[in-house]
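Chemist: no sequence on this one, just coordinates:
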Ligand code: TRP
C-alpha cells in the first residue's frame, strides 16, 4: 500500500485532562510516524455545543497548542482547523443525500440526547455525516479513535460503500483503529477519568490548583500507622502513569507496611505528575509566547489539507453530476 493516511479530529470544547492525554493525545501523536497523519480541530463539530464565538476561538487555539506542546510535529503531521477546509461541509451535504435516517437515529449521541429529554439540533443528529465527510475527504485509511467513536467510523464505512456502489470507486473505505487505553485511565475517584464525572486532572493546570486537586483525592479513614491496601487506590493507579516500576513498588510496599499517611502518598503523586509534564508545560509556554506561531502552523496545515480535499471533491462532483 502507498503511505497510509491517518486521520483524527479533536473537538475543541474545553481543557484537556490527563485521561485525554494518555487515552487519545499521546497515542494519536505516536501515529505521526506511521504514515501521513492529518489531525484537525473539529470546530464545526464543536458548534453543536459551544455557542460563544470568543470561547470557540480560544478553545481551538488551545487545543492546537496542547497538541504541539505534547509532541505533534508539524513537519510530520498536518495540523489544521476543520473550518479552514469548508469543502468538508459540501461533502457532508452530498453524503447526507445517501444517508438513511434510521442509521442516524441509531447513533448513540443522538439517542442519549433523546433519553435525557433534550431536543437535539439537526447538527447533532447529522454529526456522524460530517464526521464521515472528514474521514473520506482526506482518503483516510486509518482512523485512531476511542471506543466511543467506533460507531461513527462504522457509519463512515457504510456511507463510503454506498457511494462507491452508486457512483463508482470515489472513496477509500477506512478502518477504525480503536485506542485501547481510552477506558482505563482512572479518575480521582477510581472511576474512568471523565469530565462528566468531575474526577479529572487537567493537563496544564497551575501548580497550586493541581496540588489542591490531588490533596483532595478521597481516601478511607485508615489511620496513618495502619497498613493500607494499594489495590484499587486511585493514588497508586495514577502514580503508575508517571512513576517507574521501582517507584511504584516502593509506594505499594509503603502502603502495606503502614506508618505513612495518605497525605504523604498524595505529595509523591503530585511531584510525579508535576515533573512528568514539566517538559511539555515549558514547551507550551514557549509556543504560546510567540503570538503568530499557532496560527501559522494551522494555516500551513490548511493549505495542505485543502489541496487534498479539493482533489477529492473534484472526483466527487464529477462522479455525482454536480457542475459541468
Ligand atoms: N467525533 C470526534 C470526537 O468527539 C471528533 C471527530 C470529528 C473525529 N471528526 C472526526 C474523530 C473524524 C475522528 C475522525 O471525539
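Modeler: Thanks, I have it. Note that the structure is predicted; figures quoted are calculated from it, not measured.

Chemist: CA only for contacts and neighbour counts going forward, please
Modeler: Noted.

Chemist: What lies in contact with stretch 201-219?
Modeler: Among residues not part of stretch 201-219, those counted as contacts by Cα atoms under 8 Å, 6 or more residues apart in numbering are 15-19, 21, 187-189, 234-235, 262-263, 266-267, 269-270, 274, 277, 281.

Chemist: My error: substitute stretch 251-263 in the last question.
Modeler: Contacts for stretch 251-263 (Cα under 8 Å, 6+ apart): 215, 219, 223, 224, 225, 226, 227, 228, 229, 230, 236, 265.

Chemist: shaky segments in the stretch 1-150 of the chain?
Modeler: Applying pLDDT under 70 to the stretch 1-150 of the chain flags the ranges 1.

Chemist: And for the stretch 151-300 of the chain?
Modeler: In the stretch 151-300 of the chain, residues with pLDDT under 70: 180-183.

Chemist: again, only this time at 50
Modeler: Residue ranges of the stretch 151-300 of the chain with pLDDT under 50: 182.

Chemist: Near the ligand, which residues of it? Just list them.
Modeler: By Cα under 6 Å from any ligand atom, no residue of the stretch 151-300 of the chain approaches the ligand.

Chemist: can you pull out the strands in the stretch 1-150 of the chain?
Modeler: Assigned by DSSP state E, counting those that start in this stretch, the stretch 1-150 of the chain shows strands spanning 5-10, 36-41, 78-81, 142-145.

Chemist: Also the stretch 151-300 of the chain?
Modeler: Secondary structure of the stretch 151-300 of the chain by DSSP E, counting those that start in this stretch: the strands cover 175-178.

Chemist: Give the closest residue to residue 32 in space, chain neighbours not counted.
Modeler: Closest residue to residue 32 apart from its sequence neighbours, by Cα to Cα, 6 or more residues apart in numbering: residue 77 at 5.7 Å.

Chemist: Return the distance of residue 61 relative to residue 298.
Modeler: According to Cα to Cα, to the nearest Å, residue 61 and residue 298 sit 9 Å apart.
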